[in-house]
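Asks: need coordinates for the following:
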Amino acid sequence: MQHKDVEESLLSWYKIASHASWEDFNQVREQFGTCKILGNDRIIFKIKGNKYRLIVKVAFDNQLIWIRSIGTHAEYDLINAKEI
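Replies: From the prediction side, this is the model:
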């Protein structure tokens, strides 16, 4: 992954997510309409025009987000996003 290529997009996502107080997946989708809800508390965010994928696990009751994976679309295809 080329860090400079994706850094600005990830920082933009982080600024929004770190100030959010989402109560459920619907509220996440309101802010990030292109995100995909996988189940097992996982959400995939398309970063930089879907060139990269960010997978997070969310605990809405505790307002916690764990970054599980950041990688290219090709790298995403090699993992099990529901288990990572």
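Asks: longest helix in the protein, by number of residues?
Replies: Counting by DSSP state H, the longest helix found in the chain is helix 3-19.
Asks: model confidence over that helix, on average?
Replies: Average pLDDT, helix 3-19: 88.
Asks: next secondary structure after it?
Replies: helix 25-31 (DSSP states H and E).
Asks: run through who's touching whichever helix or strand comes after that following helix.
Replies: Using DSSP H and E, the helix or strand that directly follows helix 25-31 along the chain is strand 36-39. Strand 36-39 has contacts (CB atoms under 8 Å, 6 or more residues apart in numbering) with 25, 28-29, 43-44, 55, 81-82. C-beta coordinates here come from the backbone N, C-alpha and C atoms, glycine included.
Asks: pull the most distant pair out of the residues you listed.
Replies: Farthest pair in the contacts of strand 36-39 (CB to CB) is 29 and 82. Separation: 18.0 Å.
Asks: compare those two (neighbour count), which wins?
Replies: Between residue 29 and residue 82, counting by other CB atoms under 10 Å, residue 29 is the more crowded of the two (15 against 12).
Asks: thinking again about what came up before, give me the contacts around the longest helix of the chain.
Replies: Outside helix 3-19, the residues that reach it (CB under 8 Å, 6+ apart) are 31-32, 45, 47-48, 51-52, 54, 56, 65, 70.
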